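Asks: when you get a sec, could you give me coordinates for this:
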Amino acid sequence: MKQSDLRGELERLHPASFGWALWCCDHRRDEAEEVLQTAYLKVMEEAASFNENSSLRTWFFGVIRRTAAERRRRRWVREHLLDRWWTREPAVISAPDPETSASCSESSRALLQVLGGLPKRQREVLHLVFYQDLTVEEAARVLKISLGTARTHFERGKGKLRTILTREEGQHAGR
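Replies: As a prediction, the model looks like this:
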């Protein structure tokens, strides 16, 4: 694919890419913006190249996911190994920024809270399928897992969500 075509397709994918970057960065807007910018740079500088073995969307979501993981590892090393060692102070947990809190409806927050209780792989597969409109097969490629593993995580995650949400509906109806 030519660089100009690639740029146009990435521009078209930007809203979905930013949504996936937010998810990969635990909804930290500043971090998601930096991860997405780094992913774009990797593509434009050809540090990551599209070999057309999958869709561009699936491939680029994988680039974003790996970039976010690299950033988390660097942050972890900086925070846990260097900062803590030098200062010997416990890490401060920051509250979510007001923009994110205000933009989420009550039901979205409740769903995110329930999703947060699922194992990581199940959360990732469900997010890619439900929020990014990927198929389970495409999600498997993004996450670099087998299709069978992705299907298992998808079904187990849906089952747990159904159980938790049904239980919560029952509790709210009893009030």
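
Asks: pull the longest helix from the protein.
Replies: helix 147-173 (DSSP state H).

Asks: what helices and strands are in contact with that helix?
Replies: helix 106-116, helix 120-126, helix 136-143 (3 or more CB pairs under 8 Å, 6 or more residues apart in numbering; DSSP states H and E). Where you see a C-beta, it was placed from the backbone N, CA and C, and this is true even at glycine.

Asks: mind putting the ones you listed into TSV with mean neighbour count and mean pLDDT?
Replies: Shown next, in TSV, are the helices and strands packed on helix 147-173 (neighbours: other CB atoms under 10 Å; pLDDT from 0 to 100):
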stretch	mean neighbour count	mean pLDDT
helix 106-116	12	71
helix 120-126	19	90
helix 136-143	20	91
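
Asks: nearest to residue 77, of those?
Replies: helix 120-126 (19.7 Å; CB to CB).

Asks: tell me what the closest one is packed against?
Replies: helix 106-116, helix 136-143, helix 147-173.

Asks: figure out which of the ones you listed is closest to residue 39.
Replies: Nearest of the helices and strands packed on helix 120-126 to residue 39, taken as CB to CB: helix 136-143 at 12.6 Å.

Asks: what angle separates that closest one from helix 147-173?
Replies: 110 degrees (axes from the mean of the first three to the mean of the last three CA atoms, to 10 degrees).
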